[in-house]
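Enquirer: Here is a sequence with its predicted model. Questions after.
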Amino acid sequence: MGNTFGRLFSITTFGESHGKALGAVVDGCPAGLEIAEKAIQYQLDRRKPGQSKITTNRSEADTVQILSGVYEGRSLGTSIGMLIANQDARSASYKDMRDLYRPGHADYTYDARYGFRDWRGGGRASARETAARVAAGAIAGILIKELARIECLAWVEQIHKIKSDIELESVDATGVESNIVRCPDQTAAEKMIEAITQAKQKGNSLGGKIRFRIDNCPPGLGSPVFDKLTAEMAGGLMSIPATRSVAFGLGEAAIEMTGEEHNDPFVMDEQQRISTETNNAGGMLGGISNGQPIYGTVCFKPTATILRTQKSVSRQGENIEFKARGRHDPCVLPRAVPIVEAMLNLVLADHMLQFAIATTGRLKQIFEKG
């Protein structure tokens, strides 16, 4: 089972939705990085369940405990271990569903692979696992900001058929956190909240789209062919539960353009740096960052568990009808925003370290500056 992500900056997560705890082990973080526990906790608070009327009713504090790798507020260069306790699991809600396959879930596919699964809340397949990613991603975010002032920002752009038309460049963290749906377009946000509330009341769910922007990413991150920055970002984002597609730059809109329309002309900017007049490519060329803001979208399906009668099949091969129980998000997007940011942080931290040792010349420059 793939529990580890990254090469030089890597994380291994552990724990199940209704187990005793979740956690992450971060390897490759350089020594001496200032790591404030409150910075990690802030990101976990943005992801935790029970934070508003449009999220699941499960109530978890998601308080992080740093077990190793940090001393007197700084990283030691050794493995950083973190633990997040599960305190409000109610496994009894799932007993009636232990021998059936919930539509849209990984119940059947886990059985097909392992012949055995943790049926309590989805076990390892549950989005509860992402709490560990967010904790690790918070450390990665601190690292990339320290090394190159890189900052990742994500926000909800669309819920079901309700779309925001806010300008990409105008979004900031304050706007994102100004409402419970994390859409900086206040008019659209009100409509989104109402739509999610109605879906929740009907026992149904909604999907949508998250947009992200990465500022201050230097040129040169990413490797040719299989280890492209685009490829690894897409892989990281697609590993988030309920994701359905990832696009960079103009995405699918590019298919309706000509090469002349889509190409970004190179220019020298006021600081005598190579730049581009436009940014249709979304900050990456050939899978390598070009120094422009990186931007793109991630689409999420509606939450699989709905409180409505559905058809399915039991483990014994019987056709059945059932109505799910338990506490679930009617829409995953408001809580998925910090998860998207975390995965982008993790990919960028890994590639920043790979960039530092890409060539002898680069490494020599770094040591000479240091």
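Expert: Everything's here; your move. Just so it is clear, the structure is predicted and the values come from calculations on it, not from any experiment.

Enquirer: In this protein, where is pLDDT below threshold?
Expert: In the predicted model of the chain, residues 1, 89, 91-94, 121, 359-370 satisfy pLDDT under 70.

Enquirer: Any figure for the gap between the residue nearest to residue 294 when sequence neighbours are not counted and residue 26?
Expert: Residue nearest to residue 294 in three dimensions, not counting chain neighbours: residue 283, with 3.5 Å by CB to CB, 6 or more residues apart in numbering. (Each C-beta comes from the backbone N, C-alpha and C, glycine too.) According to CB to CB, to the nearest Å, residue 283 stands 26 Å off from residue 26.

Enquirer: and these two? which has more neighbours close in?
Expert: Applying other CB atoms under 10 Å to residue 283 and residue 26 shows that residue 26 carries more neighbours, namely 30 against 25.

Enquirer: Enumerate the beta-bridge partners assigned to that one.
Expert: As for beta bridges, residue 26 partners with residue 11, residue 80 under DSSP bridges.

Enquirer: State the distance from the closest residue to residue 33 other than its chain neighbours to residue 315.
Expert: Excluding the flanking residues, the one nearest residue 33 by CB to CB, 6+ apart is residue 75, at 4.3 Å. As judged by CB to CB, residue 75 and residue 315 stand 46 Å apart.

Enquirer: which of the two has more neighbours?
Expert: Between residue 75 and residue 315, residue 75 has the larger neighbour count (other CB under 10 Å), namely 20 against 14.

Enquirer: pretty sure that one is touching residue 66, no?
Expert: No: applying CB atoms under 8 Å as the test, residue 75 and residue 66 come out as separate, 10.2 Å apart.

Enquirer: contacting residues for the nearest residue to residue 340 once chain neighbours are set aside?
Expert: Of all residues not flanking residue 340 in the chain, residue 154 sits nearest, at 4.2 Å (CB to CB, 6+ apart). Counting by CB atoms under 8 Å, 6 or more residues apart in numbering, residue 154 touches 176, 210, 211, 212, 213, 298, 337, 338, 340, 341, 344.

Enquirer: now with 6 Å?
Expert: By CB atoms under 6 Å, 6 or more residues apart in numbering, the contact set of residue 154 is 210, 212, 337, 340, 341.

Enquirer: Pretty sure it sits in a strand.
Expert: Yes: under DSSP: H, G, I helix; E, B strand; the rest coil, residue 154 sits within a strand.

Enquirer: before we move on, the earlier item: distance of the residue nearest to residue 33 from residue 27?
Expert: For residue 75 relative to residue 27 (CB to CB), the value is 11 Å.

Enquirer: How far does the host helix or strand of residue 194 sit from its chain's centre?
Expert: Using DSSP states H and E, residue 194 falls within helix 186-201. Distance, stretch centre to chain centre, for helix 186-201: 22 Å (CA atoms, centre = their mean, to the nearest Å).

Enquirer: And stretch 123-131, by the same measure?
Expert: The answer for stretch 123-131 is 12 Å, by CA atoms, centre = their mean.

Enquirer: And the contacts of that stretch?
Expert: Here stretch 123-131 makes contact (CB under 6 Å, 6+ apart) with 16, 17, 22, 62, 84, 106, 117, 241, 339.

Enquirer: Any buried residues in it, and which?
Expert: Buried residues in stretch 123-131, counted by 16 or more other CB atoms under 10 Å: 123, 124, 125, 126, 127, 128, 129, 130, 131.

Enquirer: Redo those as TSV? Include distance to residue 248.
Expert: Below are the buried residues of stretch 123-131 laid out as TSV (distance: CB to CB, whole Å):
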residue	distance to residue 248
123	32
124	29
125	27
126	28
127	24
128	28
129	25
130	22
131	27
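
Enquirer: What is the nearest of those residues to residue 271?
Expert: Among the buried residues of stretch 123-131, residue 130 lies closest to residue 271 (CB to CB), at 38.5 Å.

Enquirer: Pretty sure that closest one sits in a helix.
Expert: Yes: membership of residue 130 in a helix is supported by three-state DSSP.

Enquirer: what about it, distance to residue 345?
Expert: Separation of residue 130 from residue 345 (CB to CB): 13 Å.

Enquirer: Ok, residue 217 next?
Expert: 12 Å.

Enquirer: Mind giving me the PyMOL command for buried ones among the contacts of stretch 123-131?
Expert: The PyMOL selection below is limited to those of the contacts of stretch 123-131 classed as buried (16+ other CB under 10 Å):
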select buried, resi 16+17+22+62+84+106+117+241+339
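
Enquirer: The residue nearest to residue 33 bridge partners, please.
Expert: residue 70.

Enquirer: does it really touch residue 28, like I thought?
Expert: No: applying CB atoms under 6 Å, one finds residue 75 not in contact with residue 28, separated by 10.3 Å.

Enquirer: Which stretches in the stretch 151-300 of the chain count as strands?
Expert: For the stretch 151-300 of the chain, the strands defined by DSSP state E, counting those that start in this stretch cover 151-159, 162-163, 208-215, 243-248, 266-268, 274-276, 284-285, 288-289, 294-300.
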